[in-house]
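Visitor: structure, please.
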Amino acid sequence: MLEHFFQCPYCWEEISMLLDTSVSQQTYVEDCEVCCNPIEIQANFQNNEIISFVAVELGQ
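Guide: So this is what the prediction gives:
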């Protein structure tokens, strides 16, 4: 697991989440821990490192 910090696309607060680097391509929804809005997360990993990370408003 890898802790990753990023900015919420709704409230712009910096938040963090634990990412599972064992799955190379991931897309899922997780709620912001500050404003509770749903965020679509798209993450790609290679050799247990992030090669891309996108956090967008759900449905955008």
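Visitor: tell me the bridge partners for the most centrally placed residue in the chain.
Guide: Of all residues in the chain, the one closest to the mean position by CA atoms, centre = their mean is residue 41, 4.2 Å from it. For residue 41, the beta-bridge partners under DSSP bridges are residue 28, residue 55.
Visitor: what residues are up against it?
Guide: When contacts are counted by CB atoms under 8 Å, 6 or more residues apart in numbering, residue 41 touches 17, 26, 27, 28, 29, 30, 53, 54, 55. For the C-beta atoms, the positions are set from N, CA and C on the backbone; glycine is no exception.
Visitor: the same query, at a cut-off of 7 Å, please.
Guide: Shown in contact with residue 41 (CB atoms under 7 Å, 6 or more residues apart in numbering): 27, 28, 30, 55.
Visitor: most surrounded residue in the residues you listed?
Guide: Top of those by neighbour number is residue 55, holding 19 neighbours under the definition other CB atoms under 10 Å.
Visitor: how close does the residue nearest to the centre of the chain get to residue 16?
Guide: Separation of residue 41 from residue 16 (CB to CB, to the nearest Å) stands at 12 Å.
Visitor: re the thing from before, output the contacts of residue 41 in a markdown table; the columns should cover pLDDT and distance to residue 37.
Guide: Formatted as a markdown table, the contacts of residue 41 follow (pLDDT from 0 to 100; distance: CB to CB, whole Å):
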| residue | pLDDT | distance to residue 37 |
| --- | --- | --- |
| 27 | 96 | 17 |
| 28 | 94 | 15 |
| 30 | 95 | 10 |
| 55 | 97 | 11 |
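Visitor: in CSV, list these along with distance to residue 47.
Guide: Below are these laid out as CSV (distance: CB to CB, whole Å):
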residue, distance to residue 47
27, 20
28, 21
30, 24
55, 22
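Visitor: where in this protein is pLDDT low?
Guide: Where the chain drops to pLDDT under 70, the residues are 59-60.
Visitor: in what helix or strand does residue 22 lie?
Guide: Using DSSP states H and E, residue 22 is not contained in any helix or strand.
Visitor: which residues touch it?
Guide: Applying CB under 7 Å, 6+ apart, no residues contact residue 22.
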